[in-house]
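> Give me a 3D structure for the following:
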Amino acid sequence: MEKSPLEKTRLDYKVIFDLITPDSHVLDLGCGDGELLSLLIRHKNCRARGVEINDESILECMEKGITVCHSDIDSSLSEYPNDGFDYVILNESLQEVLHPQRVILEALRIGKKAIVGVPNFCHISAR
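The predicted structure follows:
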């Protein structure tokens, strides 16, 4: 029996993966190590890229073959065209920005749909 590509994947990645249609154009703001983008590229044939500020995470993305822009999402989103992506993902990155309302509005301008995930700071593992 063939194993699912998501068997050992984080729950939030599984939820986002299921929301995105195959062959979509995806931008992940605060993409981290690129694991979610890698799943979308390999298993949903998405054209995906990320934006990340952390140098080590950018290197991990590059090792996975992920296109990533070294940038601060608080100040660099104006460079992207209106409706340039089918989906813009902000998963566990919104709490890191200085201007969350501006970032959300830019995500909605850039993408036809935006997916926002926030960490559960009340969970015991976050304490």
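> neighbouring contacts of stretch 78-98?
12-13, 16, 19-21, 24-32, 36, 73-74, 100, 103-104, 106-119 (Cβ atoms under 8 Å, 6 or more residues apart in numbering). Bear in mind the C-beta positions are built from the backbone N, C-alpha and C, glycine included.
> List the buried residues of that stretch.
Of the residues in stretch 78-98, 80, 85-91, 93-94, 97 count as buried by neighbour count, 16 or more other Cβ atoms under 10 Å.
> do the same with stretch 14-22
Within stretch 14-22, the residues that qualify as buried are 16-17, 20, counting by 16+ other Cβ under 10 Å.
> Also stretch 50-62?
Buried positions in stretch 50-62, judged by neighbour count with 16+ other Cβ under 10 Å: 50-53, 57-58, 60-61.
> Now, the buried residues of stretch 14-22 that are in helices?
Residues from the buried residues of stretch 14-22 lying in helices, with DSSP state H as the criterion: 16-17.
> export the buried residues of stretch 14-22 to CSV and tack on distance to residue 45 and pLDDT?
What follows is the buried residues of stretch 14-22, written out as CSV (distance: Cβ to Cβ, whole Å; pLDDT from 0 to 100):
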residue, distance to residue 45, pLDDT
16, 16, 97
17, 13, 97
20, 11, 98
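> about what we covered before: looking at the buried residues of stretch 50-62, which two lie furthest apart in space?
51 and 60 (14.3 Å; Cβ to Cβ).
> Nearest to residue 7 among the buried residues of stretch 14-22?
The closest of these to residue 7 turns out to be residue 17 (Cβ to Cβ; 12.0 Å).
> That closest one contacts residue 41, doesn't it?
No: under the contact definition of Cβ atoms under 8 Å, residue 17 does not touch residue 41, with a separation of 11.4 Å.
> From residue 71, how far out is the residue nearest the centre of the chain?
When the chain is reduced to its mean C-alpha position, the closest residue under Cα atoms, centre = their mean turns out to be residue 28, at 2.7 Å. Using Cβ to Cβ, to the nearest Å, one gets 12 Å for the distance from residue 28 to residue 71.
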